[in-house]
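Peer 1: For reference, the sequence and a predicted model appear below.
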Amino acid sequence: MPEITIASRIRTSPFYDATLDAGVASFTVYNHMFMPSGYGDPEAEYRRLTEGVALWDVAVERQVEIAGPDAAALSQFVSARDLTGLRVGRARYAPMCDHDGRLVSDPVVLRVDDDRYWFSLADSDVLMWVRALAGLRGDDVEVSEPDVSPLAIQGPLANDLASDLFGRELIDSLGFFHHARVDLDGIPMVICRSGWSKQGGFELFLTDGSRGVELWDRVMDAGAAYGIGPGAPNSQERIESGLLSFGSDHDADTDPLEAGLGAYTSLEAGIDFCGKTALIDRTRRGTRRPIVNVTIDGEFEPTTRPWVALVDGDAVGELRSAVWSPRLDAWIGLAQLATPHHEPGSTIAARTESGVDVHATVTDEPFGTIRTH
């Protein structure tokens, strides 16, 4: 198989050597960094995530830091969600738009100090975007990428493991998207109750990249009692749970509402943000292209690129993501479809990369409630 050469343009994470020792079998490139995508046993990795506890190197979730007297004002302008009332020690999921209302990224925004915010990113060049906006606006801020690298503990037993590491009192005090500065045996970090799964867990935002392997080993040692093992953000679990994968589940012209992020987009609030007027105009269009859940009939084949969605031979969108669901014992996915073909019960046809014809049915039910037999 062809290989990707490791070079300075594509960075490795502070946990890279630890993932090699743990038997990483594959990487992907995300935010100009190598991210582990599997350790050779997908079934075991899924089971650890959904039944036990898994450790993920997600240092690719780079932080864009906005700091300075105008940090709050600029952070609000680049966020399509109202950040009013966001206190130090709290975080919010906040989509970002460009001037035309298109989705730029869907970060989690952490307020780490009165005048300091971290935008924990999806795969998108937000650093350059925010620097450009700060310059155009003349904001008194410094926009940078700090030495911050998240390590995720995810799964039903993550709370027990985190309590062993950091103390039950601290862990019990952290609500969802709450965070606190801590150290573990002198290793500095910010711990946040968050993560890209619905299984529960924490992200350890390491603030000294020289201590990545040390932190990995410390968590693995403590997690041995819970059967911890390495893993990676899991496409099966996240589609079962309805989590958006920025850039995978939609095309480059998609806005936050089409992406299903309307609950996190503050069009009615008395705030201004980049792209707000354009986004309001987009919502008035007669044809929209929302992302919807689909169940799929045919021979299972995961997507590595979008498949054209057809109705009576006409293209109506794309089937963007397809996975086998162990929980449902069914083939499920996400499609981006032009209205009215997004309506529940609508059916589409698609041809897979190997040339197999499949059919998919739109559902508005969460995948966890679908009866497939």
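Peer 2: Good, I have the coordinates. Everything numeric here is computed off the predicted structure, so don't read it as measured data.

Peer 1: hey, let's count contacts and neighbours off CA atoms from now on
Peer 2: Fine.

Peer 1: what about the closest residue to Gly209 other than its chain neighbours, distance to Ala44?
Peer 2: In space, and not counting its chain neighbours, Gly209 is closest to Pro14: 5.3 Å by Cα to Cα, 6 or more residues apart in numbering. For Pro14, the distance to Ala44 (Cα to Cα, to the nearest Å) stands at 25 Å.

Peer 1: The two: which is more packed in?
Peer 2: The neighbour count for Pro14 versus Ala44, taken as other Cα atoms under 10 Å, is higher for Pro14 (24 against 14).

Peer 1: isn't there a helix covering that one?
Peer 2: No. If the criterion is DSSP: H, G, I helix; E, B strand; the rest coil, then Pro14 is coil and not within a helix.

Peer 1: Flag the shaky bits of the stretch 151-300 of the chain, pLDDT-wise.
Peer 2: Within the stretch 151-300 of the chain, the set of residues satisfying pLDDT under 70 is empty.

Peer 1: what ranges do the helices span in it?
Peer 2: Per DSSP state H, counting those that start in this stretch, the stretch 151-300 of the chain carries helices over the ranges 158-166, 168-173, 212-223, 235-241, 276-283.

Peer 1: name the helices or strands packed onto the shortest one?
Peer 2: Just to be clear, that refers to helix 168-173. Helices and strands touching helix 168-173, as assessed by 3 or more Cα pairs under 8 Å, 6 or more residues apart in numbering; DSSP states H and E, comprise helix 158-166.

Peer 1: got a list of contacts for the helix it packs on?
Peer 2: 52-54, 168-171, 184, 200-202, 219, 222-223, 226 (Cα atoms under 8 Å, 6 or more residues apart in numbering).

Peer 1: switch the cut-off to 6 Å
Peer 2: Val53, Ile171, Gly201 (Cα atoms under 6 Å, 6 or more residues apart in numbering).

Peer 1: Only the C-alpha atoms, please, for it, written as CSV.
Peer 2: Listed next in CSV are the C-alpha coordinates belonging to helix 158-166 (Å, rounded to 0.1, in the frame of the first residue of the first chain):
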residue,chain,number,x,y,z
ALA,A,158,-14.7,7.0,32.0
ASN,A,159,-16.2,8.7,35.1
ASP,A,160,-14.7,6.0,37.4
LEU,A,161,-11.3,6.3,35.8
ALA,A,162,-11.3,10.1,35.9
SER,A,163,-12.3,9.9,39.6
ASP,A,164,-9.4,7.6,40.3
LEU,A,165,-7.0,10.0,38.5
PHE,A,166,-8.3,13.4,39.7
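
Peer 1: Thanks a lot, see you next time.
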